[in-house]
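*Asks:* Predicted model and sequence follow; I will ask about them next.
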Amino acid sequence: MASATSSMRSVRVCSAQTVRKISNVTKQLSARNSMAGASVRSAVFNVNSSRAVSARAVTSPSCSLATLVKTIEDKEMKEDLMDFRVGYEVKCNVTVTEGNKTRVQPFQGIIISMHKAGNRSTITVRKMVQGVGVERVFPIHSPLITFESVPGSGTPK
């Protein structure tokens, strides 16, 4: 048997029959480990002189997608938020980028609804402009928005 080496691992050239055996063992390992909830990262194969193939799976622990999303979202959440309740009057300062310039666009109104969904939580603020009601939805945890409570605005009803 000839042997070829790369910088990462050593590869042995073997017969097509041995390759088929290794392929079958790999399929069996993947099926067995997927039932157990683990994913096969790689497998270690041993081919002895009688060409019997034995294998051992190197697995990684399973982790659900929901857990991964939750850990990423927790890092993105703001810690220094004011207390939001329906009926409070707030001033929302939105950072708007236009070309090379950035400016702060204020929006002051009363909170009319809240949607609590972790990192995707939003509030709906309503204000009157020239006799017409304007509503706008703001994501609470957005880095481009800051919130201020308006003093003397009263308590929610």
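*Replies:* On my side now, so go ahead.

*Asks:* Show me what the mean pLDDT comes to for stretch 142-157.
*Replies:* Average pLDDT, stretch 142-157: 80.

*Asks:* Restricting to C-alpha, output stretch 76-90 in PDB.
*Replies:* The C-alpha trace of stretch 76-90 is given here as PDB (Å, rounded to 0.1, in the frame of the first residue of the first chain):
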ATOM      1  CA  GLU A  76     -28.000  42.100  21.800                       C
ATOM      2  CA  MET A  77     -30.600  43.200  24.400                       C
ATOM      3  CA  LYS A  78     -30.300  46.700  26.100                       C
ATOM      4  CA  GLU A  79     -29.800  46.700  29.800                       C
ATOM      5  CA  ASP A  80     -30.500  50.400  30.600                       C
ATOM      6  CA  LEU A  81     -34.200  50.700  29.500                       C
ATOM      7  CA  MET A  82     -36.800  52.800  31.200                       C
ATOM      8  CA  ASP A  83     -40.100  51.200  32.500                       C
ATOM      9  CA  PHE A  84     -42.500  51.000  29.600                       C
ATOM     10  CA  ARG A  85     -46.300  50.900  30.200                       C
ATOM     11  CA  VAL A  86     -49.200  51.600  28.000                       C
ATOM     12  CA  GLY A  87     -50.300  55.200  28.500                       C
ATOM     13  CA  TYR A  88     -46.900  56.600  29.300                       C
ATOM     14  CA  GLU A  89     -45.700  59.600  27.300                       C
ATOM     15  CA  VAL A  90     -42.300  59.000  25.800                       C
END
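
*Asks:* average model confidence for that stretch?
*Replies:* If you average the pLDDT over stretch 76-90, you get 88.

*Asks:* Now do the buried residues in it.
*Replies:* For stretch 76-90, burial by neighbour count (16 or more other Cβ atoms under 10 Å) applies to 88-90. All C-beta atoms are positioned from the backbone trio N, CA, C, and that covers glycine.

*Asks:* where does the chain have low pLDDT?
*Replies:* In the predicted model of the chain, residues 1-23, 25-26, 28-63, 153-157 satisfy pLDDT under 70.
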